[in-house]
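Trainee: sequence plus the predicted model coming up.
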Amino acid sequence: MTNKCGSVICMFIKRTTKTVNGIPYHNYLLVQSIKTEKGPRHKTVCSLGNLEPGPPEKWRDMARRVESAVSGQLPLKRDPIIDRMVELVRQGVVLDSEGEQKLLERQKQNEPEQWVKVDTKSLQLDDACEAGPVHVAHQIWNKLELDEVLESANLSEGAKRLTEIEVINRLVEPGSEHSVRNWVSRTALPDIFREDLPPINDTALYRNLDKLHPERDIIEQTLAQKERNLFNWQETIFLYDLSSTYFEGLCAANPKAKHGYSRDKRSDCRQVVLGLVLNGEGFPTAHEIFEGNRADSTTVEEMLTILDKRTGGKKGLTVVVDRGMSSKENLQSITARGYHYIVASRQPEREQYLAEFESDQGWEEVIRDVSPNNERQKKSCVEIKRIVQAAETHILCISEGRSNKDKAIREKKEKALLADLEKLKKRIAEGKLVQSKLIHEQIGRLKERYPRVARYYDISLESKSCKLVWAENKSEKEKAQKLDGGYLLKTDRKDLSGDEIWRTYLMLTRVENAFRDMKGPLAIRPVFHQLDRRVETHIFICILAYHLLVTIEKLLQDAGIFSSWETIKKELSTHQIVTASMRADNGGVLLIRQPTNPNPAQQVIYQALKIPSEIIAPVRVWWDSQSLTSDTSATADPNLVSVGTN
């Protein structure tokens, strides 16, 4: 009997109905699809009589399980209905109700003794599944009580399970919805869940995204509260920054998909902008999705509204934002809501402190905590100077490493500007651009494209010769060179030292790390969804996965392990679950499903995460000789040893 025809199940169940004296009688048939000269035909394998095999939507799966059992693939999970169907296939007869009852009684009586002799040569290991990474993900999911969080959004058991599968997939092996089903079958998730999983296919996963979409806010809010209680945080600092993620496709059905400034260097693709708020510990508190052409500075008001909801309007919190959102209007919006701010100023604002930057007086060196043992040691030379004004405290900063970076960026931009000026000059000289108005428009566009270095040059068009000329403004350029590596921080807080202000601003790199993780291990980009609600839920799934990732890394770091999640995944990938099968001297087969023993490195990881190293308890299944198709009798053999079955 052929087990499978490609990927199509050859066996299936169908129902026939016969009416006698006005009363319908149902008969169930196990049918096999076979090829004939006239095309595919149905061949009845056996009649199941009135043995109703459950709801029709489960018939396909039941036929597959019967087919596998008949072909010799013994299941670990015994099902009386499946066993009866297999017996009927082998006997080729219909059992009446009395015969069915006797079959069930015989199965119950054929329980193995506690000890049986097995043939060690018959030992086989099958169905090995990667278990370590998904075990960690599932345990952290439970630690964050995410089932309760989803329940607060009134999601069903099936929706909760599908959501966990999607989130764990994003954390362990991110891929499309189409790939999730195959991935689940290669992992130990079915063993870990110990229950029948809901249907896992494209349609089911897409529908689950649609169910999650309107519940994102309550889920995010409830999860943030769970984490505060779990880690006992006193949240006083919030970090806000933005990034973008791009699409594959036209995204015609998504009004937020726009061309804009791409942090991914994919200006050819439409994108959306993701605004992310983290707390001081680096855990997501809130997020918002904006149009792809949205300017950073215009998003602050919406972020503050979301933050009000998350904090209950608590006053006195400190919001940290980058220079792209440091406009006077934004800072006024922050203080108007009762928050404090720490922000990096725009580059031109540094120039008012040129004399202070050049002076050697008043500087103090700051030291970063970078060692695993939290010992203070120098990573790079950073000096700060604190200047108190009427309404603000300003911190001048000079970074040795940043000085080299500023110089490299300035020289690169300057080289590009001069190259474009030469191109424009050539176009004018060749008569390809003659109108004065259009020429000045091109000059204006170059100044917009290179604002950082265009101010170093006086660019003009000679009216008589209609020739493009430019001259270096040496004083402006020298001023910029003196400020290489220097930047200015501003805050309305007067109670913090310069060192504390600088360290608090430096926490903003945690948002950058979050975006890097989402674009790297969690593969948030590119986005293939076209509908706006599914795009937003796809991003939300990535954020939920980041909650797991940052929890894992925090617990590991607290235990002195500073490896990345990618490294941890590789180390755990060899911890697997396998099925061992052994033939017994009485002709039966003993199957044992259990995890391999974790190696010492894996034990250390589990201990650091405070999760059990035993993924599942061993599952033992006994198949007696009467349930097997082949002769399994064993003769006396030195390879026979006694093993326990309980």
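Mentor: Now that the structure is in, tell me what you want to look at.

Trainee: where does stretch 241-250 sit relative to the chain's centre, distance-wise?
Mentor: Taking CA atoms, centre = their mean, to the nearest Å, one finds stretch 241-250 lying 16 Å from the centre of the chain it belongs to.

Trainee: now do the same end-to-end measure for it.
Mentor: The stretch stretch 241-250 measures 27 Å between its terminal residues, going by CA to CA, to the nearest Å.

Trainee: show me the contact partners of that stretch.
Mentor: Outside of stretch 241-250, the residues within contact range by CB atoms under 8 Å, 6 or more residues apart in numbering are 254, 257, 260-264, 266, 269-276, 290, 292, 296, 299, 321-322, 324, 508, 511-512, 515, 519, 524-528, 530, 535, 539. (C-beta placed from N, C-alpha, C; glycine too.)

Trainee: type out the PyMOL command that picks the buried ones from those residues.
Mentor: Buried members of these, identified by 16 or more other CB atoms under 10 Å, are gathered into one PyMOL selection as follows:
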select buried, resi 254+257+260+262+263+266+269+270+271+272+273+274+275+276+290+292+296+299+321+322+324+508+511+515+519+524+525+527+530+535+539
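
Trainee: among the contacts of stretch 241-250, which lie within helices?
Mentor: With helices taken from DSSP state H, the overlap with the contacts of stretch 241-250 comprises 511, 512, 515, 519, 535, 539.

Trainee: is it possible to get CSV of those residues that adds distance to residue 164?
Mentor: Shown next, in CSV, are these (distance: CB to CB, whole Å):
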residue, distance to residue 164
511, 26
512, 28
515, 24
519, 23
535, 21
539, 18
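
Trainee: can you tell me the closest non-neighbouring residue to residue 515?
Mentor: In space, and not counting its chain neighbours, residue 515 is closest to residue 243: 4.3 Å by CB to CB, 6 or more residues apart in numbering.

Trainee: that's a helix at residue 602, yeah?
Mentor: Yes: when DSSP: H, G, I helix; E, B strand; the rest coil is applied, residue 602 is found to be in a helix.

Trainee: so it touches residue 132, yeah?
Mentor: Yes: contact between residue 602 and residue 132 holds when scored by CB atoms under 8 Å: they sit 6.3 Å apart.

Trainee: which neighbours do the two have in common?
Mentor: Between them, residue 602 and residue 132 share the neighbouring residues 571, 572, 574, 575, with contact defined by CB under 8 Å, 6+ apart.

Trainee: most neighbours among the residues you listed, please name it.
Mentor: Neighbour counts for the shared contacts of residue 602 and residue 132, by other CB atoms under 10 Å, peak at residue 575, which reaches 25 neighbours.

Trainee: list the contacts for the residue nearest to it when sequence neighbours are not counted?
Mentor: Nearest-residue entry for residue 575: residue 132, 3.5 Å, with adjacent residues in sequence omitted and distances by CB to CB, 6+ apart. Taking CB under 8 Å, 6+ apart as the definition of contact, the neighbours of residue 132 are 571, 572, 573, 574, 575, 576, 598, 602, 615.

Trainee: from residue 123, how far out is the fifth one?
Mentor: When you say that, I think you mean residue 575. The gap separating residue 575 from residue 123 is 21 Å, by CB to CB, to the nearest Å.

Trainee: my guess is residue 573 meets residue 131, correct?
Mentor: No: Residue 573 sits out of contact with residue 131 when judged by CB under 8 Å, with a separation of 9.0 Å.

Trainee: neighbour-wise, which of these two wins?
Mentor: More crowded of residue 573 and residue 131, by other CB under 10 Å: residue 131, with 26 against 14.

Trainee: tell me which residues touch the more buried one, please.
Mentor: 187, 188, 191, 192, 575, 576, 577, 595, 615.

Trainee: ramachandran angles for it?
Mentor: As for residue 131, its main-chain torsions (degrees, to the nearest 10) stand at phi -120, psi -30.

Trainee: now it: closest residue in space that isn't a chain neighbour?
Mentor: When the adjacent residues along the chain are set aside, residue 131 lies closest to residue 188, with 3.7 Å between them (CB to CB, 6+ apart).

Trainee: with residue 400 instead?
Mentor: Nearest residue to residue 400 in three dimensions, chain neighbours excluded: residue 381, at 4.2 Å (CB to CB, 6+ apart).

Trainee: quick one: that neighbour and residue 402 touch, right?
Mentor: No: in this structure residue 381 lies outside contact range of residue 402 using CB under 8 Å: 10.3 Å.

Trainee: for ChimeraX, what selects the buried ones among the contacts of residue 131?
Mentor: With 16+ other CB under 10 Å as the criterion, this ChimeraX line picks the buried residues out of the contacts of residue 131:
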select :187,188,191,192,575,576,577,595,615
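
Trainee: what's the burial count for residue 387?
Mentor: That count, for residue 387 with other CB under 10 Å as the rule, works out to 14.

Trainee: which ones are touching it?
Mentor: Here residue 387 is in contact with 353, 356, 393, 394, 395, 396 (criterion: CB under 8 Å, 6+ apart).

Trainee: ok, now which ones touch the nearest residue to residue 614 once chain neighbours are set aside?
Mentor: The shortest distance from residue 614 to any non-neighbouring residue, by CB to CB, 6+ apart, is to residue 595 (6.7 Å). If you count contacts by CB under 8 Å, 6+ apart, residue 595 has them with 131, 188, 575, 576, 577, 578, 614, 615, 616.

Trainee: residue boundaries of the helices in the stretch 101-250 of the chain?
Mentor: Listed in chain order, the helices of the stretch 101-250 of the chain (DSSP state H, counting those that start in this stretch) span residues 132-143, 146-152, 157-172, 177-185, 189-193, 202-212, 216-231.

Trainee: what does the stretch 401-550 of the chain give?
Mentor: Counting by DSSP H, counting those that start in this stretch, the stretch 401-550 of the chain has these helices, from start to end: 436-449, 451-454, 474-482, 498-506, 509-519, 532-558.
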